[in-house]
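> 3D model of this:
(chains A, B, C and D)
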Protein chains: 2
Amino acid sequence: MHSAGGVTLGVLVNLPMFRQVPRAQLAELVRGAQVVHARRGEPVARSGEPPPGLMAVGYGLVKLSLSEGGGKVLRLVGAGETFGEAMLFLEQPLPVDATALCDTLVVVLPRAPLLALLERDPRFARALLASLCQRLHELVADFQSATAYGARERLAAYLEALVEPGARAAELPAPKAVVAARLGVAKETLSRLLRQFSAEGLISVAGRRITLLDRERLAAARQGIKPAAGCQPA
Amino acid sequence: MHSAGGVTLGVLVNLPMFRQVPRAQLAELVRGAQVVHARRGEPVARSGEPPPGLMAVGYGLVKLSLSEGGGKVLRLVGAGETFGEAMLFLEQPLPVDATALCDTLVVVLPRAPLLALLERDPRFARALLASLCQRLHELVADFQSATAYGARERLAAYLEALVEPGARAAELPAPKAVVAARLGVAKETLSRLLRQFSAEGLISVAGRRITLLDRERLAAARQGIKPAAGCQPA
DNA sequence: CTGGGCACTTGATGTAGATCAAGCAACGCT
DNA sequence: AGCGTTGCTTGATCTACATCAAGTGCCCAG
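Next up is the predicted model:
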């Protein structure tokens, strides 16, 4: 019941990317797949190495961070998500480090069978394309926040997105230091900003649990007019 | 000889993306294509609008910049290059402004026929995938420079990449203010840095013409140890 | 219970680079 | 010629954030 293959298949069928792929083809992929287990803090893949393939997270949480660049976190990859798509087509070494933030299971799908599937199934191709575009778009958005807004605005936006609309509270997905790196600020700065938001009555903080007290004003803080680089008045 | 269709076809056949696509299919694309001409400073596509399709630059130069975010330039797209690939699969409005930096001709390929081609030709799918990956990788690299290094290092890297290995000099592709935005610094900062490099004998500047005087030391400047955010000594 | 590591906070200080403010040169216009 | 624009430079100032340096509370191992 719990053969390694069974686990792998279980992970794959939950990926939107493979939704439309016939079972038989999936079985083919499973054959070549590799299951990797990493404990908290252990590397899943290291920047500079040759890319192992497409990675799908079964459970746990993986941090994708720039090795240089002060460990800036590009993305946190949770269960049911994938990373490393870009590496299927680029010969270059990985540009990021992938580290497990807690006990994590990752399925590694090598290139060859995926490329073959790509030839055969245009729907898979479309799904992959869509996924890549999504990634690209997110990165551009990140770039936007990073350059257009200050730390305060970025945090406000992050918190607003973090707690589901309709909910009042949510947990940070990772230790504050990691969240700080995700936001592109020093952990001290994050600490101070959270405190500030608390003091202003926008949120309340208890450990990793954040409760929104005033969504209205938080949204306002997200907007905060911050004249950034080259802000030429049109 | 110079029908609009002929021009379009001429542009398309030069794109690596369509290299492997049979002539008949290309003709199909040409039918739906639209040719857009923009003078210097005119917008080719504006952020927030619905994406018009895949854009291919016939001649000229297009600036892709973040509308908010102080006009940070993400990419300069020259003749024979494309942009807007991501918009084929995302329903969202454009995240960037596209502006002509000089007299520019752009071919706009609407979504529908491209998606159809995608179904039919897996090689085109691969080419598109590869192009997207390339973009993604470039963005990550940009992110890296932006967070890991200071303005000085970024400029040094830019200049090194600008002049072909083997050549001694090159022209900036755009006015200095635009280059500054590309590097993510204020134009004043760029000016000062160029002056500084000149003073140090690394380069010489004459208008837009840059001559490398000492590649060795320029490479050193690119490395410049710059302890950035969260630079935890391993 | 005790000591040593996290994860986080808090304060003081430093700095890269943005912003503000002139000013200059070259290049079309009319 | 006269004049506005555009592109670039240079200097003075300001500030958001990083960095450095101590703490504090807490959990786990001995």
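
> Helices of chain A, residue ranges please.
Taking DSSP state H, the helices of chain A run over residues A:4-13, A:23-32, A:111-120, A:122-148, A:151-162, A:176-183, A:187-199, A:215-223.

> Return the set of buried residues in the last one.
In this case it means helix A:215-223. Residues A:R217, A:L218, A:A221, A:R222 are the ones in helix A:215-223 that count as buried (16 or more other C-beta atoms under 10 Å in any protein chain shown). Using the backbone N, CA and C atoms, a C-beta is placed for each residue, glycine as well.

> what separates the residue in chain A positioned nearest to DNA strand D from A:E42, distance-wise?
With C-beta to the nearest atom of the strand as the measure, A:G150 is the residue of chain A nearest to DNA strand D, at 2.8 Å. Computed as C-beta to C-beta, to the nearest Å, the A:G150 to A:E42 distance reads 35 Å.

> next one: A:A146
Per C-beta to C-beta, A:A146 is found 28 Å from A:E42.

> more crowded one of these two?
Remark: of A:A146 and A:E42, A:A146 carries more neighbours, 20 against 13, as counted by other C-beta atoms under 10 Å in any protein chain shown.

> Next, count neighbours for A:A156.
A:A156 is flanked by 23 other residues according to other C-beta under 10 Å.

> Thought A:E81 was touching A:L54, still the case?
No - using C-beta atoms under 8 Å, A:L54 is not in contact with A:E81, being 11.5 Å away.

> For those two, indicate the residue with more neighbours.
Set side by side, A:L54 and A:E81 show more neighbours around A:L54, with 24 against 17, by other C-beta under 10 Å.

> ok, now which ones touch the nearest residue to the more buried one once chain neighbours are set aside?
Closest residue in space to A:L54, ignoring its immediate chain neighbours: A:L109 at 4.4 Å, by C-beta to C-beta, 6 or more residues apart in numbering or on different chains. Each residue near A:L109 by C-beta atoms under 8 Å, 6 or more residues apart in numbering or on different chains is listed here: A:L29, A:G32, A:A33, A:G53, A:L54, A:M55, A:A56.

> buried set for the element among helices and strands of chain A having the smallest mean pLDDT?
Every helix and strand of chain A was ranked by mean pLDDT, DSSP states H and E. The lowest is helix A:4-13, at a mean of 84. Using 16+ other C-beta under 10 Å as the burial criterion, the residues of helix A:4-13 that qualify are A:V7, A:T8, A:L9, A:V11, A:L12.

> and which of these is nearest to chain B?
If you rank these by distance to chain B using C-beta to the nearest C-beta, A:L12 comes first, at 19.6 Å.

> Please name the residues that touch that closest one.
Taking C-beta under 8 Å, 6+ apart, we find A:L12 in contact with A:F18, A:L26, A:L29, A:V30, A:A33, A:A56, A:V107.

> returning to that earlier point: pick the most buried one from the helices of chain A.
Compared across the helices of chain A, helix A:176-183 shows the largest average neighbour count, a mean of 21 (mean count of other C-beta atoms under 10 Å in any protein chain shown).

> What helices and strands are in contact with that helix?
For helix A:176-183, the elements it packs on are strand A:73-78, helix A:151-162, helix A:187-199, judged by 3 or more C-beta pairs under 8 Å, 6 or more residues apart in numbering or on different chains; DSSP states H and E.

> ok, residues contacting the second one?
Put plainly, it is helix A:151-162. A:145-146, A:149, A:170, A:172, A:179, A:182-185, A:189-190, A:193-194, A:196-197, A:202-203, A:210, A:212, A:215, A:218-219, A:221-224, A:226.

> change it to 10 Å
Contacts to helix A:151-162, defined as C-beta atoms under 10 Å, 6 or more residues apart in numbering or on different chains, come from residues A:141-142, A:145-146, A:148-149, A:169-173, A:179-180, A:182-186, A:189-190, A:192-194, A:196-197, A:202-203, A:210, A:212, A:215, A:217-226.

> As CSV, could you dump the C-alpha coordinates of it?
In CSV, the C-alpha atoms belonging to helix A:151-162 read as follows (Å, rounded to 0.1, in the frame of the first residue of the first chain):
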residue,chain,number,x,y,z
ALA,A,151,9.8,47.9,3.8
ARG,A,152,6.7,49.1,5.5
GLU,A,153,4.6,48.8,2.5
ARG,A,154,6.0,45.5,1.5
LEU,A,155,5.2,44.0,4.9
ALA,A,156,1.7,45.4,4.9
ALA,A,157,1.1,43.8,1.5
TYR,A,158,2.5,40.6,2.7
LEU,A,159,0.3,40.4,5.7
GLU,A,160,-2.8,41.3,3.8
ALA,A,161,-2.0,38.5,1.3
LEU,A,162,-1.1,36.1,4.1
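
> With B:D121 as the reference, name the closest of the helices of chain A.
B:D121 sits nearest to helix A:122-148 of all the helices of chain A, at 9.0 Å, using C-beta to C-beta.

> Cool, thanks, signing off.
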